[in-house]
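S.K.: Here's my sequence, what's the structure:
(one chain, ligands or ions: 1)
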Amino acid sequence: MIKLLFKMSALVVMLFLMNMPAFARLNIVTLIYPQYDVVKHIVKDKADVAMLLKPGMEVHTFEPVPGDIEKILGCDLFIYTGSEHDEWVEELLSSQGKKVKTLILTETMPKLYEEEMVEGMTAEEVEDEDESNSSRGPEFDEHIWTSPRRDIQMIELFCEKLAALDPENAEFFRANARDYAARFTALDKDLRDLIGKSERKTIIMADRFPFLYLAKDYGLDYFAAFKGCAAESEASASTVAFLISKTRELKVPAVLTVEFSNEKIGRTIAAETGVKVLTLNSCHNVSPEQFKSQLSMAELMRANLEVLKEVLN
Ligand SMILES: [Zn+2]
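M.R.: Next up, the predicted model:
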């Protein structure tokens, strides 16, 4: 009888310990790939990490399904970009009584760049009157992660937030964060070296331009068909003509497109001028195959560096 009581009390203690917060596994939900990739490299197998955007899916038209909302409401931390496309998150969270911990990239990063129109771009059509009369301030570009220098900051920021939520694993997280940040430190140096010694410092993007942070942080000039992640995919005839003449004038060996693009503008310019069309990864998302093989953002950016070598030399 005493033995049985002892066994039962041991079981009770065990169940109690299993439910203690210190033993709880963190459950992190991210919206898009760069956030997922960074968190995954920090926590490795010591937390659950989900990405709401399905691999291969277009990010700017993302709409949450009921399962996504459940994931957000049940997680320990929800990380998202905080761009104009993410307004649904604020609406969702304010409509719920439950308080969800969030990390909003654009609110935690210092020195954001404003979206800009450069010569030759096709302007975005304003969809409704409300938007054109909007009293909102300037639109900030949200593609912070395209600059390796900012990725180093992003890794540190995410790491400290995760360490505070799970102090038991804090040192493990910090060691992993240092390892991953080192890859971006190397990229940062290689990019500065490349652009520093290149005579040509201009790239021609026959597409949208989600690379403002890469360009501005590293001293690259650019021409592009559209700014940021404009929903437009039809460039005006004058934009195409402008990019063709710049391609000839600057004697670039290739024009660039973004991954998952239909490459229509790029192919038109290539047919006119004979240059190549190469892809620069904006890393919003990866394909299902790349996701399965755990291709990292650091590797995608290494590939970008090789493309830039070819274009700038
Ligand atoms: Zn975008």
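S.K.: Give me the neighbour count for the residue of the chain found nearest the ion.
M.R.: Going by C-beta to the ion, the ion is nearest to residue 229 of the chain, at 3.1 Å. Placement of C-beta: from N, CA and C, glycine included. The tally of other residues near residue 229 (other C-beta atoms under 10 Å) stands at 22.
S.K.: Next: residue 292.
M.R.: Summarising burial for residue 292: neighbours were counted as other C-beta under 10 Å, giving 10.
S.K.: Can you name the residues that contact the residue of the chain closest to the ion?
M.R.: Residue 229 makes contacts with 59-60, 143, 208, 210, 284, as judged by C-beta atoms under 8 Å, 6 or more residues apart in numbering.
S.K.: Please tell me I have it right and residue 41 contacts residue 175.
M.R.: No - taking contact to mean C-beta atoms under 8 Å, the distance of 11.2 Å between residue 41 and residue 175 leaves them out of contact.
S.K.: In this structure residue 215 contacts residue 224, no?
M.R.: No - in this structure, residue 215 sits apart from residue 224 without contact. The criterion is C-beta under 8 Å, and the distance is 9.5 Å.
S.K.: Can you pick out the residue with more neighbours from the two?
M.R.: Residue environment comparison for residue 215 versus residue 224 gives the larger neighbour count to residue 224, 29 against 23, counting by other C-beta under 10 Å.
S.K.: Let's test this: name the helix or strand in the protein with the lowest mean pLDDT.
M.R.: Between all helices and strands in the chain, the lowest mean by mean pLDDT, DSSP states H and E belongs to helix 129-132, at a mean of 48.
S.K.: Give me the buried entries from the contacts of residue 229.
M.R.: By neighbour count, with 16 or more other C-beta atoms under 10 Å, the contacts of residue 229 hold 59, 143, 208, 210, 284 as buried.
S.K.: Over to residue 221: give its phi and psi.
M.R.: In terms of degrees, to the nearest 10, the main-chain angles of residue 221 are phi -90, psi 160.
S.K.: Quick check: closest non-adjacent residue to it.
M.R.: Nearest residue to residue 221, sequence neighbours excluded (C-beta to C-beta, 6 or more residues apart in numbering): residue 202, at 4.3 Å.
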